[in-house]
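[1] What follows is a protein structure lacking sequence information:
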């Protein structure tokens, strides 16, 4: 590998490590509570060394949020209702990541939070995507008579709200089962177990 | 008013003022981001003066959470589905308070957060109350076939999740309308407007 490519690969590996450490620090303390010094320490860098990769705390947050977007990296047009169930099941196996983003979502409603615009834009996009998914599945009206556009915010709200209940009390809240119950409300008779 | 009673009334008034200031500070910066010094400044006290009323930041948080419980002060046995709609409508007129508690809920899932136990216990209680409300309204099965116990976590999740979407983008999300849509999913044909 030529010298410059090797440098770049090492630098990218370092950045990925720092982003992972930031995810953990935010899960533990929130964004405002997570210090750059603590993130640097996790990866064995000085704060100065970390600033070489991310010049500000906000730049690191942007990288964390980009990383988050990659996990949803099913192209927008290819989502289906059954993939949503699979996503919720997958989420229930990665509480650390869900904790990071539930903490960030909560903080994002405080004044001047740097993640606010990200979440506002994200919800606009996700509601539109979910409406399209529901339209593909059900047409212009769901069995209960609601339009896909009126149903989409409820679908998103249930996913977010269940995450908080589950993070706080994983023994009492079966997140995938509850989400399947919600899908039954939308269009099918529920499992009577 | 006897001297001692006057002292006590003044002290209680002061405490209420401090709690209100703490609510605002948490809405703006979250609990970890809100400093006692900032709360003290809002009410024209020194930090030392504030510590006379609340010896620790956690003691102040406990008072904030107690204050929160008083707003839901309908006795548990007297909740009805139509009161829930009224509650969501009322909530949509007080974004500041909803912001405080959405921020706290988000933070509560981070490590060792002092509000975590409060929220865990609260959700256990609220799910049980909501199941009782649904049983009173619908009996042992809702029209869609789910039990009240399986429906309650969804009801709570929708309320919480809609609050985040609405706080981030009040122009795009009509929280009371969305909540009524959810109630229609539970048991009625929706309004086709």
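    It's in. Since this is a predicted model, take the numbers as computed values, not measurements.

[2] Pull the number of nearby residues for the residue of chain A found nearest chain B.
    Going by C-beta to the nearest C-beta, chain B is nearest to residue A:106 of chain A, at 0.9 Å. Where you see a C-beta, it was placed from the backbone N, CA and C, and this is true even at glycine. Close neighbours of residue A:106, defined as other C-beta atoms under 10 Å in any protein chain shown, add up to 25.

[3] Repeat that for residue A:130.
    For residue A:130, using other C-beta under 10 Å, the count is 22.

[4] Mind listing what's buried along the helix or strand encompassing residue A:128?
    Assigned by DSSP states H and E, residue A:128 belongs to helix A:116-138. Across helix A:116-138, burial judged by 16 or more other C-beta atoms under 10 Å in any protein chain shown covers A:116, A:118-120, A:122-123, A:126-127, A:129-135, A:138.

[5] do stretch A:78-90 as well
    Buried positions in stretch A:78-90, judged by neighbour count with 16+ other C-beta under 10 Å: A:79, A:81, A:84, A:87-88.

[6] Show the model's pLDDT score for residue A:192.
    Confidence at residue A:192, expressed as pLDDT, is 42.

[7] Oops, could you answer that again for residue A:184 instead?
    93.

[8] before we move on, the earlier item: mind giving me the packing neighbours of the next helix or strand after the helix holding residue A:128?
    Later in the chain than helix A:116-138, the nearest helix or strand by DSSP H and E is helix A:148-168. Packing partners of helix A:148-168 (3 or more C-beta pairs under 8 Å, 6 or more residues apart in numbering or on different chains; DSSP states H and E): helix A:81-91, helix A:95-108, helix A:116-138, helix A:175-187, helix B:95-108, helix B:116-138, helix B:148-168, helix B:175-187.

[9] what sits up against the fifth one?
    Contacting residues not belonging to helix B:95-108 are listed as A:30, A:102-107, A:109-110, A:164, A:168, B:23-24, B:26-27, B:30-32, B:64-65, B:68, B:71, B:91, B:113, B:115-116, B:118-119, B:160, B:163-164, B:166-167, B:170 [C-beta atoms under 8 Å, 6 or more residues apart in numbering or on different chains].

[10] just the shortest one next, same as before
    By C-beta under 8 Å, 6+ apart, the list of residues contacting helix A:81-91 from outside reads A:72, A:74, A:97-98, A:133-134, A:137, A:155, A:159, A:162-163, A:175-176, A:179-180, A:183.

[11] one more time with 10 Å
    Applying C-beta atoms under 10 Å, 6 or more residues apart in numbering or on different chains, the contact partners of helix A:81-91 are A:71-72, A:74, A:79-80, A:97-98, A:101, A:130, A:133-134, A:136-138, A:155, A:158-159, A:162-163, A:166, A:175-180, A:182-183, A:186-187.
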